[in-house]
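1. Here is a sequence together with a model predicted from it:
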Amino acid sequence: MSPTTLPAGLEHGYVTFLGAGPGDPGLLTLRAVEALANADVLVGEHEALDVVRTHARAGVAVVNTDPDPATGSYPGTGTPQLAVVDGESTAAGVPAFRDAAHLVMEAARGGRRVVRAVTGDPGMDAYATGEMLACAAAGVPFEVVPGVATAVGVPAYAGVPLRDAQGTDVRFVDARTATDRCWTEIGASDGTVVVSTTLDSVAAAAGELVAAGRKPDTPLTVTVAGTTTRQRTWTATLGSIAQTLKQAKVLPSPEGGRPVIAVVGERSSAAQRDQLSWFENKPLFGWKVLVPRTKEQAVSLSDQLRSYGAVPHEVPTIAVEPPRTPQQMERAVKGLVTGRYEWIAFTSVNAVKAVREKFEEYGLDARAFAGIKVAAVGEQTAKALVAFGVKPDLIPSGEQSAAGLLEDWPPYDPVFDPIDRVFLPRADIATETLVAGLIELGWEVDDVTAYRTVRASPPPAETREAIKGGGFDAVLFTSSSTVRNLVGIAGKPHNVTVIACIGPATAKTAEEHGLRVDVMAPEPSVHALAEALADFGLRRRTAANEAGDPVTRPSERRPGARRRRTTT
């Protein structure tokens with residue numbers, strides 16, 4: 001039976017018990033993503049829902065099984081209160097039962113595909129096991145999609161190996177349900193112990209282990225928000241962890257009830273973490289980075305920033321609108337079909353989108369480009385063309401800009417080029433560099449306004465306050481217009497915020513607005529800009545380590561601290 005199709009003739013639905021992993025959405029399995037894309041009903045605690053919802057199809061019914069605030073009960077130790085959190089859920093006819101197993105089975109009996117998402121791995125979740133047994137007893141078919149167990153994934157992200165070549169014994173214990181006998185057995189061993197507990201209870205768990213026979217100087221690491229960019233790890237001993245957390249000003253805290261993973265044993269020693277802490281040592285780990293671009297353009301840049309450990313915050317500063325007079329664009333598109341042009345040059349993803357929308361309006365598709373040479377200013381524009389079904393004939397071999405495109409553009413040759421005209425769809429505020437260069441090469445150019453760029457609406461008040469108050473660690477400016485527009489709709493970034501610019505022109509505009517530029521890309525591309533910021537962050541982290549200072553984010557600096565200009 002295919003995992004995405006139900007058995008023939010089955011009146012019941014189908015339940016997938018799915019492991020959402022410890023928090024990093026990148027740890028979802030391919031099978032998990034496939035199951036989510038086919039789900040009719042999605043059930044889970046909010047931590048799991050946050051991880052999996054982006055992979056669910058539009059209109060899926062979403063049900064939150066968070067603990068009842070009145071009782072504080074947790075899945076696995078009590079009966080959670082269910083609440084429908086999406087409007088589509090009610091429309092889909094999914095009632096709000098108090099019993100999760102009842103909800104899952106009723107949704108399945110209605111012929112729906114139900115995904116029951118749990119944090120970590122379903123096999124490690126006692127409550128999920130109970131729901132599986134209920135489904136089996138009721139004859140509701142189900143499958144299990146394993147996930148990365150929290151007790152295994154979090155230590156891996158914290159740089160804490162659980163076993164060595166000698167095969168160290170590893171024990172797992174949930175401090176919330178552990179009995180005296182359990183603590184005694186664990187205390188009598190000398191292996192590694194992985195304790196699932198809460199921040200305000202970790203010292204008590206350490207005390208249980210000492211009382212059971214473990215030495216107070218046994219190394220211990222405590223990790224909160226593991227596998228996410230909020231992850232933080234403390235290294236101490238069983239006897240000193242309470243003092244360590246107090247000195248770090250972690251406790252007492254309103255967040256004391258947050259789940260943590262504590263690893264006890266020689267494998268969790270500070271010496272090894274210094275060498276193996278790969279995740280928290282990413283160059284931009286935990287940095288809040290403002291990405292002021294159009295939403296479509298921000299996606300690839302945000303993905304690259306996440307790979308460096310940053311938390312990108314996209315704030316559109318430019319909105320794209322159709323041209324005020326569409327007749328010029330309409331004539332040019334008709335000219336494409338009738339053979340008026342030898343070349344069409346795309347200088348942005350938005351230009352591709354504008355032409356594609358006009359094609360769809362006329363009932364055309366990529367076949368209309370037959371016999372026409374296509375140029376793209378860079379890789380992102382080329383990807384947008386490929387998604388349209390068009391493979392570019394020309395992409396700059398060097399700098400991805402109008403100048404780089406001209407470097408590779410062939411001059412007009414009346415012998416080999418039957419037509420001497422180029423269609424150039426672009427923004428209303430585009431520079432004349434490409435037009436002038438093509439004319440010098442002997443080409444006639446139809447310079448057509450395909451779209452207008454206008455200033456976007458201001459971001460929410462809390463975002464504006466974070467920008468002006470130093471809540472962001474860095475801001476990336478990808479053009480002079482993003483500088484002008486961001487300052488116009490949200491105000492100037494605080495002086496502790498690292499300013500990164502894509503090139504000299506953008507840097508000049510930033511300085512004209514009173515901003516001190518810290519980072520400049522070595523070449524005018526968003527990839528190089530993100531890489532330059534990562535290099536800046538790495539040098540900053542290295543300098544702090546060499547000086548014996550704590551590694552902090554720019555937003556944690558003292559207000560008014562001076563910043564040295566750095567160009568990369």
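-> Here it is on my side, so go on.
2. Residue 335 against residue 423, yeah?
-> Yes. Counting by Cβ atoms under 8 Å, residue 335 touches residue 423, with 6.9 Å between them. To be clear about C-beta, it is placed using only N, CA and C from the backbone, and glycine gets the same treatment.
3. Give the residues shared as contacts by the two.
-> Counting by Cβ atoms under 8 Å, 6 or more residues apart in numbering, the common neighbours of residue 335 and residue 423 are 341, 446.
4. Name the residue in those two with the higher neighbour count.
-> Higher neighbour count among residue 335 and residue 423: residue 423, with 22 against 16, using other Cβ atoms under 10 Å.
5. Residue 342 is in contact with the more buried one, correct?
-> No. Look at residue 423 against residue 342 with Cβ under 8 Å: they stay out of range, at 9.1 Å.
6. next helix or strand past the helix or strand hosting residue 465?
-> Remark: residue 465 resides in helix 461-469, with elements defined by DSSP states H and E. Once the chain leaves helix 461-469, the next helix or strand it forms, by DSSP H and E, is strand 474-477.
7. Send me that next one as PDB with only the CA atoms.
-> Extracted in PDB, the C-alpha atoms of strand 474-477 (Å, rounded to 0.1, in the frame of the first residue of the first chain):
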ATOM      1  CA  ALA A 474      22.200  43.500  11.900                       C
ATOM      2  CA  VAL A 475      20.400  44.900   8.800                       C
ATOM      3  CA  LEU A 476      21.200  44.000   5.200                       C
ATOM      4  CA  PHE A 477      20.800  46.700   2.600                       C
END
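8. The closest residue to residue 224 other than its chain neighbours in helix, strand or coil?
-> Nearest non-adjacent residue to residue 224, counting by Cβ to Cβ, 6 or more residues apart in numbering: residue 260, 4.8 Å away. When classified by DSSP: H, G, I helix; E, B strand; the rest coil, residue 260 comes out as strand.
9. Tell me which helix or strand in the protein has the weakest average pLDDT.
-> helix 87-91 (a mean of 39; mean pLDDT, DSSP states H and E).
10. Secondary structure element for residue 205, which one?
-> helix 202-211.
11. For the helix or strand just after that helix, name the packing helices and strands.
-> Sequence order places strand 219-224 as the next helix or strand after helix 202-211, per DSSP H and E. If contacts are counted by 3 or more Cβ pairs under 8 Å, 6 or more residues apart in numbering; DSSP states H and E, strand 219-224 sits against helix 150-158, strand 232-237, helix 241-247, strand 259-264.
12. pull the longest helix from this structure.
-> helix 526-546 (DSSP state H).
13. what about it, distance to the chain center?
-> Counting by Cα atoms, centre = their mean, to the nearest Å, helix 526-546 is centred 19 Å from the centre of its parent chain.
14. If you count neighbours, what's buried in it?
-> Across helix 526-546, burial judged by 16 or more other Cβ atoms under 10 Å covers 526-537, 540-541.
15. Contacts made by the helix holding residue 465 with the rest, please.
-> 288, 290, 313, 315, 458-459, 471-472, 475, 486, 490-494, 497.
16. Mark which of those are buried, thanks.
-> 288, 290, 313, 315, 459, 471-472, 475, 486, 490, 493-494, 497.
17. Now those in TSV, please, with extra columns for pLDDT.
-> Formatted as TSV, the buried ones among the contacts of helix 461-469 follow (pLDDT from 0 to 100):
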residue	pLDDT
288	96
290	96
313	93
315	90
459	91
471	95
472	97
475	97
486	94
490	93
493	96
494	96
497	97
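18. With distance to residue 140 added, can I get these in a markdown table?
-> Below are the buried ones among the contacts of helix 461-469 laid out as a markdown table (distance: Cβ to Cβ, whole Å):
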| residue | distance to residue 140 |
| --- | --- |
| 288 | 44 |
| 290 | 48 |
| 313 | 42 |
| 315 | 46 |
| 459 | 46 |
| 471 | 48 |
| 472 | 48 |
| 475 | 51 |
| 486 | 53 |
| 490 | 51 |
| 493 | 54 |
| 494 | 55 |
| 497 | 53 |
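19. And the next helix or strand past the helix or strand hosting residue 302?
-> Element membership for residue 302, per DSSP H and E: helix 295-307. Proceeding N to C from helix 295-307, the next assigned helix or strand is strand 311-314, under DSSP H and E.
20. and which of the contacts of helix 461-469 is nearest to residue 103?
-> Among the contacts of helix 461-469, residue 313 lies closest to residue 103 (Cβ to Cβ), at 35.1 Å.
21. and the strand ranked longest in the chain, which strands flank it?
-> Ordering each strand of the chain by length in residues (DSSP state E) puts strand 444-455 first. Strand 444-455 has its sheet partners listed here by DSSP bridges as strand 318-321 (antiparallel), strand 421-427 (parallel).
22. So what touches the last one?
-> Strand 421-427 is contacted by residues 329, 332, 335-336, 340-348, 350-351, 354-355, 434-435, 438, 443-453 when judged by Cβ under 8 Å, 6+ apart.
23. And for the first one?
-> With contact meaning Cβ under 8 Å, 6+ apart, strand 318-321 is reached by 293-294, 350, 353, 451-457, 481-482, 485.
24. ok, and the most crowded of those?
-> Neighbour counts for the contacts of strand 318-321 peak at residue 482, which has 26 neighbours (criterion: other Cβ under 10 Å).
25. now the host helix or strand of that one, how far from the chain's geometric center?
-> Per DSSP H and E, residue 482 falls inside helix 480-490. Remark: helix 480-490 is offset 24 Å from the chain centroid, using Cα atoms, centre = their mean.
26. and that helix, what other elements does it pack with?
-> strand 318-321, strand 444-455, helix 461-469, strand 474-477, helix 504-512.
27. Excluding chain neighbours, what is closest to residue 418?
-> residue 342 (7.1 Å).
28. so residue 351 touches residue 451, yeah?
-> Yes. The criterion here is Cβ under 8 Å, and residue 351 meets it with residue 451 at 7.2 Å.
29. low-scoring pLDDT stretches of the stretch 151-300 of the chain, where are they?
-> 167, 255, 267-271, 294-298 (pLDDT under 70).
30. Try it again at 90.
-> Applying pLDDT under 90 to the stretch 151-300 of the chain picks out residues 162-169, 176-181, 185-191, 248-258, 265-275, 292-300.
31. just the stretch 451-568 of the chain next, same as before
-> Within the stretch 451-568 of the chain, the stretches falling below the threshold (pLDDT under 90) are 452-457, 478-482, 503, 505, 523-527, 545, 548-550, 556-568.
32. what do you get if the cut-off is 70, keeping everything else the same?
-> Checking the stretch 451-568 of the chain against pLDDT under 70 turns up 557-568.
33. still on that earlier bit, please identify the deepest-packed of the helices and strands packed on helix 480-490.
-> strand 474-477 (a mean of 28; mean count of other Cβ atoms under 10 Å).
34. where along the stretch 1-150 of the chain do the helices fall?
-> 30-37, 46-52, 87-91, 100-109, 126-138, 150-158 (DSSP state H, counting those that start in this stretch).
35. By mean pLDDT, show me the worst of the ones you listed.
-> Of all the helices of the stretch 1-150 of the chain, the minimum mean pLDDT falls on helix 87-91 (a mean of 39).
36. give me every residue that touches the residue of the chain most remote from its centre.
-> Distance from the C-alpha centroid of the chain, by Cα atoms, centre = their mean, peaks at residue 415 (51.6 Å). Shown in contact with residue 415 (Cβ under 8 Å, 6+ apart): no residues.
37. what about it, which SS state?
-> Strictly by three-state DSSP, residue 415 counts as coil.
38. Against which helices or strands is the helix holding residue 205 packed?
-> helix 180-188, strand 192-198, helix 241-247, strand 259-264.
39. Out of these, which is the most enclosed?
-> Mean neighbours per residue, mean count of other Cβ under 10 Å, is largest over these for strand 259-264, with a mean of 26.
40. Show me what that one is packed against.
-> Using 3+ Cβ pairs under 8 Å, 6+ apart: strand 259-264 touches helix 150-158, strand 192-198, helix 202-211, strand 219-224.
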